[in-house]
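Undergrad: using only what follows, build the 3D model:
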Amino acid sequence: MNTTLKEVIAGKGSNVISVSPDTEATDAIKIMVKNGISSLLVMENEKVIGIFSDKDFSCKVINENRLTETILVSEIMSTPVCAIRPDQSIADAMSVMTTKRIRHLPVMVDKQLVGLISIGDLVKAIIKEQQETIDELEHYIHY
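TA: From the prediction side, this is the model:
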């Protein structure tokens, strides 16, 4: 089976939580905690301009001892943003994430956001594919 990212997004939903570049980093962290997520897309005029993650915060704020400062998401977000198309495979996404050492990847068509996938989403999809293969083989063996 060769699951596409369109299928992964259909299974998890296309709702993406985002912030504007002028959001304070501490407010962005609160949004992530409230929603149980570890990254937010940074959007401006419906365009993805960056990704803000817990890693960005820990590396660029905590590690540099900037906790007393008011820091905007735009100051510490990751750019440029890598993206992938919905017709591409899980393997394609895993390759991009591994090569770029990222955990979240926007899925886009002609610069239009259609969803966001995480490494966890891909692992779940791979496990599902493997279980389906096991079930098919077991069915074949028994009949």
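Undergrad: any chance you could map the strands in this structure?
TA: For the chain, the strands defined by DSSP state E occupy 18-19, 39-44, 47-53, 104-109, 112-118.
Undergrad: pipe those into JSON lines and attach distance to Thr98 per row.
TA: For glycine as for every other residue, the C-beta is placed from the backbone atoms N, C-alpha and C. Converted to JSON lines, the strands of the chain look like this (distance: least, CB to CB, whole Å):
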{"stretch": "strand 18-19", "distance to Thr98": "25"}
{"stretch": "strand 39-44", "distance to Thr98": "17"}
{"stretch": "strand 47-53", "distance to Thr98": "17"}
{"stretch": "strand 104-109", "distance to Thr98": "11"}
{"stretch": "strand 112-118", "distance to Thr98": "14"}
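Undergrad: where does pLDDT dip in this structure?
TA: Filtered on pLDDT under 70, the chain yields the residue ranges 1, 68.
Undergrad: nearest to Cys59, of the strands of the chain?
TA: strand 47-53 (9.3 Å; CB to CB).
Undergrad: and that closest one, how far out from the chain's middle?
TA: With CA atoms, centre = their mean, to the nearest Å as the basis, strand 47-53 stands 10 Å off its chain's centre.
Undergrad: spatially central residue in this structure, please.
TA: His104 (2.6 Å; CA atoms, centre = their mean).
Undergrad: ok, now how distant is it from Asn65?
TA: Separation of His104 from Asn65 (CB to CB, to the nearest Å) stands at 26 Å.
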